[in-house]
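Q: I would like to see how this sequence folds:
(chains A and B)
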There are 2 protein chains.
Amino acid sequence: MAGVLEASTADDWQVLEQDDLLYLFLERGIVVFELAPAFAPDHIASVRALAAQHYWDGLAVIRSQDNYVAQWGDPKAGTDDARSFGDVPAGITPEFYRPLDGLDLRSIDSDDAYADAVGFVDGFPVGSDGGRAWLAHCYGMLGAGRANEVDSGNGAELYVVTGHAPRHLDRNVTLLGRVVHGIEHLSSLPRGTGPLGFYESEAEYVAIQRIRIGSQLEESERVFLERFRTDTTAFERLVTSRKHRVETWFADPASRIGLCNVPIPVRETD
Amino acid sequence: MAGVLEASTADDWQVLEQDDLLYLFLERGIVVFELAPAFAPDHIASVRALAAQHYWDGLAVIRSQDNYVAQWGDPKAGTDDARSFGDVPAGITPEFYRPLDGLDLRSIDSDDAYADAVGFVDGFPVGSDGGRAWLAHCYGMLGAGRANEVDSGNGAELYVVTGHAPRHLDRNVTLLGRVVHGIEHLSSLPRGTGPLGFYESEAEYVAIQRIRIGSQLEESERVFLERFRTDTTAFERLVTSRKHRVETWFADPASRIGLCNVPIPVRETD
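A: As a prediction, the model looks like this:
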């Protein structure tokens, strides 16, 4: 893969616009997510509004379930002491999938346990049945928690995948982005000892300093990133290089690849 | 799945023999691995011998790479100050795969990105091409690190998968077991900031108090475990229940499952 990246040109990289980046500030570090408006425009509008009104400031990461997810939001959600969503509706229409039509899906040749076809759209892993397309629950994907009703979430309760891809969640939860910086600040959190990995005491909560969209931040606070494009011949070469590993260490290269095993390089710029 | 477990009988569970369990003692907790002698008898013999001579006592976890592995062994391996292996050879013949013949592979119906057929043998995830069978790099699998030469490892350098299954490693490294207790003590370790997630300073190393086979421990130190059998109709029901999720939360159950998404229940007994 190093060779593919070395041979890449500026055109093979996508500058990530600050308006499409969500920042989570924790004492232990900053996590940055690239949002996916082509898949979840309504949830992203909700998240933008919540960030603008500083909804999350002082709330917490409340769950860290091993080999599954880390989740954050209002520890008092659902109680009388829950924080107000302001003008943001408490529940919005789910965005579990969308029409494949209109997307530039770059399929990869892979037998997938959960979807008829898989590939990438704008850097995001995607599954499809030919008519519908959906974001896939790979490591690092960002989702919007919900209760039993499909329209019971609004993006206030967010989670990130920190284990083996729980692809059975595909088309059952709205995914809206992917970590592009600092996932280790969420994935290495102590695991919660309560059911489903929820922290059992307030003392375990990991305080959220604030959550903002990049365009809401001072220039000096922003992280500047470029993501490898997935609609290029350079990306095809990257996938090929990961299928057919030529490093001498490999005794028996797979010559195959899984959707969630394709790395999407991200680099920091000045 | 709860229903399947409730309906299970004693015959659906396998008592894990202490002689097939490897214990890793860290200050933060105990990690227990079930060994897989049907797949890696020589590496397991080597690990038994190293544990018996207290090879690992005072050595360290030296690597924690996000979405990949945690690894432990001798920080001074390969130098003049490396700890002696005693009578254990420094390199042994790789056990990357074995004949399918002689194994009771219980296949699951799953399109797998990396293998023609997949299923379980004695609780372990397995891939096969019809002639050969190999342990699959699912979350929690235990492997024996090696250098470029395929016979350059002996089980002294061990790693566990702590991220999305790196199945491209299948048939390229010897796997010898799987975590059955306490993986969070390895998976939630701070990530190393050096190349490949190696810790950059001794201060970051996580000291190994000792590593032992269960039968080498006092009765009072042992963890008593039962693992769900994978050669039963109860296990077939478990797989079916995970494919066709009936919980009301699921709006669109997958009706499919991936090899590394099948949970293998383990319970502690007195």
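Q: Output the set of residues of the stretch 1-150 of chain A in proximity to chain B.
A: With CB under 8 Å from any CB of the partner chain as the criterion, the stretch 1-150 of chain A meets chain B at residues A:64, A:66-67, A:94, A:96, A:110-114, A:138-140, A:148, A:150. Where you see a C-beta, it was placed from the backbone N, CA and C, and this is true even at glycine.
Q: redo that, cut-off 10 Å
A: A:28, A:64-68, A:94, A:96-97, A:108-116, A:118, A:132, A:134, A:138-140, A:146-150 (CB under 10 Å from any CB of the partner chain).
Q: wouldn't A:Lys76 be in contact with A:Ala156 here?
A: No. Using CB atoms under 10 Å, A:Lys76 makes no contact with A:Ala156, being 11.8 Å away.
Q: Pick out whichever of the two has more residues nearby.
A: Using other CB atoms under 10 Å in any protein chain shown as the criterion, A:Lys76 and A:Ala156 rank with A:Ala156 on top: 22 against 11.
Q: thought the more buried one was touching A:Gly78?
A: No. Counting by CB under 10 Å, A:Ala156 does not reach A:Gly78; the two are 11.2 Å apart.
Q: and the closest residue to chain B within the stretch 51-200 of chain A, what element?
A: Ranked by CB to the nearest CB, the top residue of the stretch 51-200 of chain A for proximity to chain B is A:Ala113, at 3.6 Å. For A:Ala113, there is no host helix or strand (DSSP states H and E).
Q: Please name the nearest non-neighbouring residue to it.
A: B:Gly258 (3.6 Å; CB to CB, 6 or more residues apart in numbering or on different chains).
Q: try A:Leu16
A: Distances taken as CB to CB, 6+ apart place A:Leu225 nearest to A:Leu16, at 4.6 Å, with adjacent residues excluded.
Q: Check the secondary structure at A:Glu226 for me.
A: Taken by DSSP: H, G, I helix; E, B strand; the rest coil, the conformation at A:Glu226 corresponds to strand.
Q: burial measure for the closest residue to it other than its chain neighbours, as a count.
A: Setting aside the residues directly before and after it, A:Glu226 is nearest to A:Trp13 in space (CB to CB, 6+ apart), at 4.2 Å. Residues lying near A:Trp13 (other CB under 10 Å) number 20.
Q: ok, now A:Ser8?
A: Neighbour count for A:Ser8, taken as other CB under 10 Å: 18.
Q: show me the contacts for it.
A: Applying CB atoms under 10 Å, 6 or more residues apart in numbering or on different chains to A:Ser8 gives the contacts A:Phe228, A:Arg229, A:Thr232, A:Ala234, A:Phe235, A:Arg237, A:Leu238, A:Pro265.
Q: For chain B, tell me which of those show up nearby.
A: Applying CB under 10 Å from any CB to those, none is adjacent to chain B.
Q: Show the model's pLDDT score for A:Asp270.
A: With respect to pLDDT, A:Asp270 scores 82.
Q: And for it, the neighbour number?
A: Neighbours around A:Asp270, by other CB under 10 Å: 3.
Q: about what we covered before: shouldn't the residue nearest to A:Glu226 be in contact with A:Thr230?
A: No. A:Trp13 lies out of contact with A:Thr230 (CB under 10 Å); the separation is 11.2 Å.
Q: ok so, going back, among the residues of the stretch 1-150 of chain A next to chain B, which are located in strands?
A: Using DSSP state E, A:Ser64, A:Val118, A:Arg132, A:Trp134 are the members of these that sit in strands.
Q: nearest to A:Ser188, of the residues you listed?
A: Set against A:Ser188, the nearest of those by CB to CB is A:Ser64 (9.1 Å).
Q: these two touch, right, that closest one and A:His185?
A: No. The criterion here is CB under 10 Å, and A:Ser64 misses it with A:His185 at 11.4 Å.
Q: So between those two, which is more surrounded?
A: A:Ser64 (26 against 21).
Q: How about that one: what's its closest non-neighbour residue?
A: Closest to A:Ser64 by CB to CB, 6+ apart is A:Leu189, at 4.3 Å.
Q: now A:Ser107
A: A:Gly119 (3.8 Å).
Q: A:Arg242 and B:Tyr199: what is the separation?
A: From A:Arg242 over to B:Tyr199 the distance is 26 Å, taken as CB to CB, to the nearest Å.
Q: got it, and A:Leu21?
A: Relative to B:Tyr199, A:Leu21 is positioned 30 Å away (CB to CB).
Q: This completes my enquiry, with thanks.
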